[in-house]
Structure formats: C-alpha cells, structure tokens
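Colleague: Here's a sequence, model it:
(one chain, ligands or ions: 2)
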Amino acid sequence: MSKAYPIAKERYAAYGIDTEKALQQLQDFHLSMHCWQADDVAGFESAGDLTGGIQATGNYPGKARNIEELRSDILKAKSLIPGTHRLNLHEIYGDFQGKKVDRDEVAPEHFQSWIEWGKENNTLLDFNSTSFSHPKSGNLSLANPDKGIRDFWIEHTRRCRDIADAMGKAQGDPCIMNVWVHDGCKDQSVNHYMYRELLKDSLDRIFAEPKKDMKDCIEGKVFGIGLESFTVGSHDFYTAYAAANGKIPTIDTGHYHPTESPADKVSALLNFVPELMLHVSRPVRWDSDHVTLMDDPTQELFFEIVRAGALNRVHYGLDYFDGAINRIGAYVIGSRAAQKCMLRALLEPTELIRKYELEGNTYKVLTLLEEAKAMPWGAVYDEFCERCGVPVGDAYMAEIDRYEKEVTLKR
Ligand code: RNT
Ligand code: ZN
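Modeller: Numbering: from 1, shown residues only. Ligands and ions are numbered 1, 2, ... in the order given. Okay, the predicted model is just below:
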C-alpha cells in the first residue's frame, strides 16, 4: 500500500465517503473496450478504404494486421488497465479464415473463435453491425430508397443480432449490440421525411424478432465527413425511436454540437428509456475520435451518471481511433481516464452537497464542488492499480515501450 492511501482515506472519511466502497464500485465498473483502436477501424474483411463519414488519421507504425495481432494487442492493453473489461467487436472483425463472407452472409460461426477467446480471457463481448467500408454502403444503407440495397443491410443487421444473441448466450451475460449507420446527404435534400420513414421501417423489421441474450442500442450523430448536410439517424430521431420502442440510445460524446453537453442528456433520457450505452470519445473541433482524456466533458458525464444513481443502467463503451500515436498507449490512457472520471464521481460528497442545495445554500455547494477537485483521488486510483496488480501511474510506459520494440515495430 502506498503511503498516500491511508491519508486519502481519512480525508474522504471526514466527508462521510468510504474509499473502500468506492474501490469496490470501481472493481465492478466494466468498460467495453472498442477493438477498432488496434487497427484504425480496418477489420479483417478486405483492404478497402474506411468509408461512411468516419476517418482515422495518422500512420503510426505497428497496427494490428490480423486477428492474432489484434488479440495480442488487446490483451497487452488489458494487462495495463486495472479491473476487468469487456471487448466491443464490429462485424468486420469476424474470424473469416481467409474466405469472402459478405455482410449478408455473416453468422454466429464466424464469431465462434471470439466467443472461445472471450471465455479463455475472462472477457465478455459486445457487438456492432457494420454498414461502412463496403461497396453497397454509398451514402445510404438502412434508409436507402433502393429496395435491394436496403434489404441487404436489413439482412446484415438481423444477422448481427443473431451473432450478438449467440455471444450473450454463450457468455451468460447479455451482449450489448450497437447499430450505427452513416446514412445522410452531402448536400441539400428535400426528402428528409422519406429517409427517416425508411430508417424507421428498417429498424422495425430488424427488431421484429425478440431476443433473449442481447440488447439493442441505436446511435445518432450530427454529421459525417462527406455527409455534412443531413444525417438520417439524428439524435432526435433515435431518442424518439428508443423511447417509443424501449431501446437503448447510445450517447457518443463526439456526436453533438460543440457547445452541447452530452452529460446533460443522462438525466433527461433516463426518465424515458431503460438504459444508456456510452461511446466515450474526445471530439477536437469535430467528431474526430481523439483518445479519451480526463477532461471536463468526460468528468461531467460520469458525475451525472453517479448523481442520477444510474451506475447499473449504463453500458460504458469507448469509441476513439487515433492512428497517429502508439495504439496500446491509446487504449491504456483512454481506459484509465474513464476510470479516473468514474472514481472522482464516486468520491464526491454528493449527499452533503444535495442537502446544501436544497437548503438554498449555494456558496456551500460551490465550496464543496471546488474543494472536491483538490481532494486526493489520485492516491485512491493508485491504490486501485496496486491492488489490481497493474503498474501504478506512468510506470506502464516501460511495458508499452518494450512491447512496441519487440512486437509492433516488427510488423
Ligand atoms: C461513428 C460512430 C460509430 C463508430 C464505430 C466504429 O461516428 O461513432 O460508433 O465510431 O462504430
Ligand atoms: Zn460511436
């Protein structure tokens, strides 16, 4: 145990906060690590370009080129992140054994080896359908007026639900499946209503079959690159759809207007939908998917979840893909940052602050919020790392550098 932890424990105890309880809660806090940081969202299907309004920039050497390398990188990252975490797979990361398996042909068998890998490595799996980077993607998939193309993507997404259900069943814990489609228009369009009607109809058909072992999430956004003028699946569209159909909205923190607060959506949405999925990311000027940091918007998001008493109503996915830096480092930094934000929220003397607020004593509210910022939460996080047997503080850099030298730079 570090010398700082007992002091931190005492300081928090003075506010009635039990750091041991917070450490236990942090142990029960599972991130869903996105597999796509390891290879800049390339997947194993083809060597085609990344399309669908998203973009990974940077050419840092050593990205994972196949399923073995990807698994090795994920395990390396996990070994440097305290706690136990899930893995979030996209459909294009199936174990296709070198065969061409089109998106409307994919089936649970292509994820059997992932299911086994998950079991062997104590990692629960989540899943995503994949509408981007495919010849039939174009600007419109599930909202495409061309029936053939629309049916193709409906079939794909239905099959993805079968896969997610098989994963959930095998792991004895629901697989959280996210549907994000890029559908939109680059320029002016007078058919907004029609596109949204088509998307709604596609979703109705996709979700028609009830599933036991998976949960459906739907993710909106403001715009995609090359699709700047109109997004079919906007925040309002999916919020209304989720509320009307008991589905889970996905809040991607990069998918809102720059002055809009994703954190403020937590308490609004949770009054109408059962659960939330998060894609924690860091937009820089646009939906750029930079590595998650302990910045104000991220911190505010976790405060809102804890203050709403909604810890168990949220699924904590990460979603960033920076091709410009060491990719293992990206995983470790972003995952630890999300955990630190969660820990700070767990250590907030919320009940006391609530009391002052209800008494109308704003100066005391502000005092406690300000003082909490300088409380020794870092010592509690270090203690968490130590108890989990992972490097404390920046000590993980040595292992990342070793792995880079011995493994990724040799690719
Ligand atoms: C794109 C969405 C989506 C993707 C991943 C790869 O804007 O955020 O979640 O980032 O599915
Ligand atoms: Zn996302």
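Colleague: Now the element after the helix or strand L352 falls within, going C-ward?
Modeller: Assessed by DSSP states H and E, L352 sits inside helix 350-358. Following helix 350-358 in sequence order, the next helix or strand is helix 362-373 (DSSP H and E).
Colleague: helices or strands next to the helix or strand just after that next one in the packing?
Modeller: Downstream of helix 362-373, the first helix or strand assigned by DSSP H and E is helix 377-388. Contact analysis of helix 377-388 by 3 or more C-beta pairs under 8 Å, 6 or more residues apart in numbering; DSSP states H and E lists helix 4-13, helix 19-27, helix 327-346 as its packing neighbours. All C-beta spots, glycine's among them, are computed from the backbone N, C-alpha and C.
Colleague: Buried deepest among these, which one?
Modeller: Of all these, helix 327-346 has the most neighbours on average by mean count of other C-beta atoms under 10 Å, namely a mean of 24.
Colleague: so what pLDDT did the residue lying farthest from the centre of the chain get?
Modeller: Ranking residues of the chain by C-alpha distance from their mean position (C-alpha atoms, centre = their mean) puts E359 at the top, at 37.8 Å. At E359, the model reports a pLDDT of 98.
Colleague: all helices for this structure, in order.
Modeller: Listed in chain order, the helices of the chain (DSSP state H) span 4-13, 19-27, 67-79, 112-120, 147-171, 192-206, 235-245, 265-269, 296-307, 327-346, 350-358, 362-373, 377-388, 396-406.
Colleague: need the contact list for L80.
Modeller: Each residue near L80 by C-beta atoms under 8 Å, 6 or more residues apart in numbering is listed here: I328, V332, V390, P391, Y396, E399, I400.
Colleague: and with 7 Å instead?
Modeller: Neighbouring residues of L80 by C-beta atoms under 7 Å, 6 or more residues apart in numbering: V332, V390, P391, Y396, E399.
Colleague: who wins for neighbours among those residues?
Modeller: Most neighbours among the contacts of L80, by other C-beta atoms under 10 Å: V332, with 24 neighbours.
Colleague: which parts of the helix or strand of the chain with the lowest mean pLDDT are buried?
Modeller: Ranked by mean pLDDT, DSSP states H and E, the weakest helix or strand in the chain is strand 286-290, scoring a mean of 94. Judged by neighbour count (16 or more other C-beta atoms under 10 Å), strand 286-290 contains these buried residues: D287, S288, D289, H290.
Colleague: Isn't the first one up against T253?
Modeller: By that I understand D287. No: applying C-beta atoms under 7 Å, one finds D287 not in contact with T253, separated by 9.4 Å.
Colleague: and stretch 11-31, how far apart are its ends?
Modeller: 28 Å (C-alpha to C-alpha, to the nearest Å).
Colleague: Buried deepest among the helices of the chain, which one?
Modeller: helix 327-346 comes out most buried of the helices of the chain by mean count of other C-beta under 10 Å, with a mean of 24.
Colleague: Mind listing the residues bridging to the residue nearest the centre of the chain?
Modeller: Centroid-nearest residue in the chain: G317, 2.2 Å away (criterion: C-alpha atoms, centre = their mean). Per DSSP bridges, the residues bridged to G317 are S32, H279.
Colleague: Enumerate the residues of the protein near ligand 2.
Modeller: With C-beta under 5 Å from the ion as the criterion, the chain comes near ligand 2 at residues D252, H279, D319.
Colleague: can you narrow those to ones near ligand 1?
Modeller: Filtering the residues of the chain next to ligand 2 for neighbours of ligand 1 using C-beta under 6 Å from any ligand atom leaves D252, H279, D319.
Colleague: okay, those in TSV with pLDDT next?
Modeller: TSV is the format used below for these (pLDDT from 0 to 100):
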residue	pLDDT
D252	98
H279	98
D319	98
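Colleague: Show me the one of the helices of the chain that comes nearest D216.
Modeller: helix 147-171 (7.3 Å; C-beta to C-beta).
Colleague: The closest residue to K63 other than its chain neighbours - how many residues pack around it?
Modeller: Of all residues not flanking K63 in the chain, D39 sits nearest, at 4.8 Å (C-beta to C-beta, 6 or more residues apart in numbering). D39 is flanked by 22 other residues according to other C-beta under 10 Å.
Colleague: Tell me who's in contact with D39.
Modeller: K63, A64, L70.
Colleague: Ligand 1 contacts on the stretch 201-350 of the chain?
Modeller: Within the stretch 201-350 of the chain, the positions adjacent to ligand 1 are E219, K221, D252, H279, D287, D319 by C-beta under 6 Å from any ligand atom.
Colleague: mind running it again at 5 Å?
Modeller: Within the stretch 201-350 of the chain, the positions adjacent to ligand 1 are D252, D319 by C-beta under 5 Å from any ligand atom.
Colleague: Return, as residue ranges, the portions of the stretch 201-350 of the chain with sub-threshold pLDDT.
Modeller: Regions of the stretch 201-350 of the chain meeting the criterion pLDDT under 70 are absent.
Colleague: quick one, phi/psi of the nearest residue to C388 once chain neighbours are set aside?
Modeller: Leaving aside its sequence neighbours, C388 sits nearest to P82 (C-beta to C-beta, 6+ apart; 3.6 Å). Dihedral pair for P82: phi -70, psi 150, per degrees, to the nearest 10.
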